[in-house]
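**Student:** Kindly return the folded structure for what I paste below:
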Amino acid sequence: QVQLVESGGGLVQAGGSLRLSCAASGRTGSSHAMGWFRQAPGKEREFVAAISRSGSSTSYADSVKGRFTISRDNAKNTAYLQMSSLKVEDMAVYYCAARPPWFQMATMTASEYAYWGQGTQVTVSS
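**Tutor:** Got it, this is the predicted structure:
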């Protein structure tokens, strides 16, 4: 079993930056492909960014491309989401997720992730 804990959310003005962290604990002997998703009130959970087990491959939703950067530090069992040029429409609860350990690549599909964090709120004021 793997536990994921997000941190780094908060209130920021439009145009500002935040860095989210996702710390993994438990059975993390092998790293996991990781993803970030978000859910705004009244909307479905949507894909934001993903990174492969090695960190060599990343993918982004079109809405955040060029503004957000996903990265990871496998020695610390932690994934990050650096968010810049934040917009009001980025406001949501952000969740990190991990795929089962036998998958090298991450995906954009929430149902393909086995482990989820509890989420961290990102609020962007105009």
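**Student:** okay, and for the protein, where does confidence drop off?
**Tutor:** Residue ranges of the chain with pLDDT under 70: 28-30.
**Student:** Where does the spatially most central residue of it sit: helix, strand or coil?
**Tutor:** Residue closest to the mean C-alpha point of the chain, counted by C-alpha atoms, centre = their mean, is residue 36 at 2.4 Å. Per DSSP: H, G, I helix; E, B strand; the rest coil, the local secondary structure of residue 36 is strand.
**Student:** now swap in the one 5 residues further on and tell me
**Tutor:** With three-state DSSP as the basis, residue 41 sits in coil.
**Student:** quick one: the residue nearest to residue 68 when sequence neighbours are not counted and residue 10, what's the gap?
**Tutor:** Nearest in space to residue 68, with sequence neighbours left out and distances taken as C-beta to C-beta, 6 or more residues apart in numbering, is residue 83 at 5.1 Å. C-beta coordinates here come from the backbone N, C-alpha and C atoms, glycine included. The gap separating residue 83 from residue 10 is 11 Å, by C-beta to C-beta, to the nearest Å.
**Student:** ok, the two, which is more surrounded?
**Tutor:** Between residue 83 and residue 10, residue 83 has the larger neighbour count (other C-beta atoms under 10 Å), namely 26 against 12.
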